[in-house]
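>>> Structure here, sequence nowhere to be found:
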């Protein structure tokens, strides 16, 4: 059985400055995986390099044993919200139906089936009543839910989500993590760029620690340790525990 994602020796540079160095890993199916590291560690760059959105200096990517270009239909992507042109004149339903275009091809227009799938995806994220709303009129959390619905409509097997919890309210964050767990329970694999260390153990089965190079990847209980976090972030790191909550402080 081929792994959902196999990455071998990926290196990326911006204007000759290395951003990722020789990153290799493989992940199992049906896991919710957090990509963790400091600002500028290359987390978003890694996703974009895997998806061919930016050029690589070197490296290979296989999705279920085949090059990404041959497996696009199996991959869903939710970009960072600030990277999207929210003033584009379209409504929420049309954005979600874009998730079906890869299955339809360029010359076939979405029909009744695609609209039903899109509405079902909107319902799953609690946004069905906003189907006709222009995306520019939605709040940040609502916009994020729309892009999650688009990824759902794509019906992929492997999902990449770049900081989906940034700028959303508590209710939206709860809805997103519930949705991610639903995908995992369906046997799908989800990689999430994440910055809130305090929720890592609650949210993720596996963790990837990244800071220009791969520090470690594996089950959360094995990887999310003081020693490896210090190696990833540098400086001092204190983890404060009590019975109800955990806070992580970096200095």
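Right, received. Where do you want to start? Please read these numbers as outputs of a predicted model, since none were measured by experiment. Residues are numbered from 1 along each chain as shown.
>>> What ranges in the stretch 101-250 of the chain fall below the confidence cut-off?
101-111, 235-250 (pLDDT under 70).
>>> now the helices for it?
With DSSP state H, counting those that start in this stretch as the definition, the stretch 101-250 of the chain shows helices at residue ranges 101-104, 112-124, 140-154, 170-185, 200-203, 220-223, 226-233.
>>> Out of these, which is the most enclosed?
Mean neighbour counts were taken over these using mean count of other Cβ atoms under 10 Å, and the top value, a mean of 24, falls to helix 140-154. Just so you know, the C-beta spots here come from the backbone N, C-alpha and C atoms, and that holds for glycine as well.
>>> Quick check: which helices or strands does it pack against?
On a contact count with 3 or more Cβ pairs under 8 Å, 6 or more residues apart in numbering; DSSP states H and E, helix 140-154 meets strand 75-78, helix 92-97, helix 112-124, strand 158-162, helix 170-185.
>>> closest to residue 138 out of those?
Comparing the helices and strands packed on helix 140-154 by their distance to residue 138 (Cβ to Cβ), the top pick is helix 92-97, with 7.0 Å.
>>> thinking again about what came up before, export the helices of the stretch 101-250 of the chain as TSV, with columns for distance to residue 37.
Shown next, in TSV, are those (distance: least, Cβ to Cβ, whole Å):
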stretch	distance to residue 37
helix 101-104	30
helix 112-124	30
helix 140-154	21
helix 170-185	19
helix 200-203	12
helix 220-223	12
helix 226-233	6
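>>> Nearest to residue 46 among those would be which one?
Across these, residue 46 has its closest neighbour in helix 226-233 (14.0 Å, Cβ to Cβ).
>>> in the protein, which residue is closest to the centre?
residue 161 (1.5 Å; Cα atoms, centre = their mean).
>>> OK, contacts around the spatially closest residue to that one that is not a sequence neighbour?
Distance criterion Cβ to Cβ, 6 or more residues apart in numbering; nearest residue to residue 161, sequence neighbours excluded, is residue 78 at 4.3 Å. If you count contacts by Cβ atoms under 8 Å, 6 or more residues apart in numbering, residue 78 has them with 144, 147-148, 150-151, 159-162, 164.
>>> Return the closest of those residues with respect to residue 39.
Proximity of the contacts of residue 78 to residue 39, judged by Cβ to Cβ, is greatest for residue 162, which lies at 13.7 Å.
>>> can you count the residues close to that closest one?
When counting by other Cβ atoms under 10 Å, one arrives at 21 neighbours for residue 162.
>>> same thing with residue 36?
Neighbour count of residue 36, defined by other Cβ under 10 Å: 28.
>>> Wasn't residue 12 part of a strand?
Yes: looking at residue 12 with DSSP: H, G, I helix; E, B strand; the rest coil, it is inside a strand.
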